[in-house]
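1. The following comprises the amino acid sequence and a computationally predicted model.
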Amino acid sequence: MSIEDNIFSIYDKLVAINPKIELVAATKTRSIAEIKLAIDTGKVASCGENKVQELLSKYNDNFTWDFIGQLQTNKVKYIIDKVRLIHSVDRFSLAKEIDKQANKINKVQDILIQVNSGKEESKGGVYLEDVDQLVDEINIFDNIKVRGIMAVMPKLDDEKELGQIFDQVYAKFDKLKTNQFCYLSMGMSNDYLLAVKAGANMVRLGRAIFGERDVF
């Protein structure tokens with residue numbers, strides 16, 4: 001199927017579960033032409049990039065951009081004026097730099113707390129039990145607004161076990177949820193329907209939209 005057909009099919013499935021779902025197109029390695037096809041459907045809330053250099057190489061202000069990858073503190077200044085939402089804040093030092101750079105351009109930057117739900121050493125993110133403390137620490141900043149949680153899930157073949165982890169993340173989100181703390185970014189191409197059924201209201205899809213990558 002085409003990119004457009006993929007998106008319409010995905011979107012129909014998503015809104016049947018949650019009519020207020022936001023679809024983030026994970027655009028790593030994808031061309032501007034492919035991204036434009038996705039955006040032109042009107043169903044994609046934003047383009048999510050994993051790497052600063054790739055975001056800068058593709059950036060234009062006709063698209064809405066999120067940053068969804070691991071972010072180094074010294075790279076914040078390059079993207080602070082370009083992104084709607086930073087999904088991957090997992091430490092106080094990164095939040096401090098975001099606040100500093102946002103203040104320079106008189107911006108309040110929306111962020112999500114990245115959660116390492118499977119406690120995998122190879123992945124970034126705080127553990128669920130540490131989310132409350134990090135949120136409290138970040139709330140001292142004037143130029144950051146914590147808008148919710150982004151979960152990085154372990155790769156599991158057992159759908160029941162994965163569903164239990166989704167439920168744990170949702171329980172944490174639900175405990176902290178307010179009008180401001182309102183996003184749960186959870187679910188990727190292999191598990192997004194399970195994530196939405198568990199309460200996610202934002203999903204990050206690449207392969208499901210664009211097909212397999214030619215470059216890794």
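-> Nice, I can see it. Predicted model, so just to flag it, every value in this text is computed and none were measured. Numbering: from 1, shown residues only.
2. contacts and neighbour counts: CA atoms only from here.
-> Fine.
3. Any stretches of the chain with poor pLDDT?
-> When the per-residue scores of the chain are filtered using pLDDT under 70, the ranges that remain are 213-216.
4. Which stretches in it count as strands?
-> Assigned by DSSP state E, the chain shows strands spanning 22-26, 46-49, 65-67, 85-89, 109-116, 144-152, 183-185, 202-205.
5. Quick one: these as TSV, columns for distance to residue 192 and mean neighbour count too.
-> Converted to TSV, the strands of the chain look like this (distance: least, CA to CA, whole Å; neighbours: other CA atoms under 10 Å):
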stretch	distance to residue 192	mean neighbour count
strand 22-26	10	24
strand 46-49	16	26
strand 65-67	18	25
strand 85-89	17	26
strand 109-116	17	24
strand 144-152	12	25
strand 183-185	10	26
strand 202-205	7	24
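6. Relative to residue 96, which of those strands is closest?
-> Proximity to residue 96 (CA to CA) singles out strand 144-152 among the strands of the chain, at 8.9 Å.
7. Specify the angle between the closest one and strand 109-116 in degrees.
-> Inter-element angle recorded for strand 144-152 and strand 109-116: 30 degrees (by axes from the mean of the first three to the mean of the last three CA atoms, to 10 degrees).
8. one step back: would you list the strands of the chain in JSON lines and tack on distance to residue 16?
-> Formatted as JSON lines, these follow (distance: least, CA to CA, whole Å):
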{"stretch": "strand 22-26", "distance to residue 16": "13"}
{"stretch": "strand 46-49", "distance to residue 16": "20"}
{"stretch": "strand 65-67", "distance to residue 16": "25"}
{"stretch": "strand 85-89", "distance to residue 16": "25"}
{"stretch": "strand 109-116", "distance to residue 16": "25"}
{"stretch": "strand 144-152", "distance to residue 16": "22"}
{"stretch": "strand 183-185", "distance to residue 16": "18"}
{"stretch": "strand 202-205", "distance to residue 16": "14"}
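9. State the distance from the residue sitting nearest the centre point of the chain to residue 65.
-> The centre of the chain sits closest to residue 87, judged by CA atoms, centre = their mean, with a distance of 4.3 Å. Here the distance between residue 87 and residue 65 works out to 11 Å (CA to CA, to the nearest Å).
10. In this protein, spot the helix with the most residues.
-> Using DSSP state H, we find that the single longest helix of the chain is helix 159-176.
11. So which elements touch that helix?
-> With contacts defined as 3 or more CA pairs under 8 Å, 6 or more residues apart in numbering; DSSP states H and E, the secondary structure elements packing on helix 159-176 are strand 144-152, helix 192-197.
12. hmm, back to that, could you point out which of the strands of the chain sits nearest residue 172?
-> Comparing the strands of the chain under CA to CA, the one sitting nearest is strand 144-152, at 8.9 Å.
13. tilt between the closest one and strand 85-89?
-> For the pair strand 144-152 and strand 85-89, the angle between their directions (the same axes, to 10 degrees) equals 60 degrees.
14. Name the strands paired with strand 144-152 and say parallel or antiparallel.
-> Under the criterion DSSP bridges, strand 144-152 sits next to strand 109-116 (parallel), strand 183-185 (parallel) in its sheet.
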